[in-house]
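Trainee: return a 3D structure for these sequence lines:
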Amino acid sequence: MKKITTDYVKGTKNYAQITDDTTPTVPGCVAKWFEENKTDLEYSIWEYIYDFGENGENSNDFFSFMNNTDNKPLETLIMMQYGYYVEKEVKQLYVVEIPSDRGQYVFFLTKLNGKVAITRSLGYPVSTSRHKEGNSDYHLTEAEIRSVWDGYMELAEEVE
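Mentor: Just a heads-up that it's a prediction; the model follows:
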């Protein structure tokens with residue numbers, strides 16, 4: 001399941017009756033289209049609708065948004081002038097502890113100087129929960145883990 005967060009973008013217009021509960025929340029593709037076309041928004045919307053058939057041939061996420069009436073696409077684009085929230089996917093982070101029979105050593109995948117490497121901790125075996133809390137060197141994305149070896153994903157524990 002993807003985790004989503006939102007960032008607020010201040011609008012180009014002010015209107016006293018616009019409240020937080022009427023402020024739209026839109027996917028990144030809609031925010032991108034809006035930012036590229038906000039200087040002449042009405043004409044840009046008209047032009048997009050006029051060329052809707054051509055846009056459908058080159059279907060993308062923005063076309064899907066515009067083609068779904070549940071999204072109220074025209075109302076949403078107009079309301080975005082007063083401010084909006086952008087949905088952003090939060091990348092899931094993981095900690096990977098590598099099993100070892102070396103007794104006092106505990107091995108982890110970590111980021112060192114921008115590269116993923118295997119490092120060891122000295123002392124008694126350390127639970128990965130300690131590393132979930134603070135040390136971001138131990139926090140890796142799925143892509144970073146798979147860049148070393150796909151099999152390490154079986155050992156990965158999600159960071160909360």
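
Trainee: tell me what the residue most central in space within the chain is bridged to.
Mentor: For the chain, the residue nearest the mean C-alpha position is residue 89 (2.1 Å; CA atoms, centre = their mean). Residue 89 has these beta-bridge partners by DSSP bridges: residue 4.

Trainee: distance of it from residue 50?
Mentor: Look at residue 89 and residue 50: by CB to CB, to the nearest Å, they are 32 Å apart. All C-beta spots, glycine's among them, are computed from the backbone N, C-alpha and C.

Trainee: repeat for residue 42
Mentor: Residue 42 is 12 Å from residue 50, by CB to CB.

Trainee: can you tell me how far the closest residue to residue 66 other than its chain neighbours sits from residue 65?
Mentor: Of all residues not flanking residue 66 in the chain, residue 73 sits nearest, at 4.7 Å (CB to CB, 6 or more residues apart in numbering). Look at residue 73 and residue 65: by CB to CB, they are 6 Å apart.

Trainee: cool, and residue 34?
Mentor: When distance is defined by CB to CB, residue 34 is 11 Å away from residue 65.
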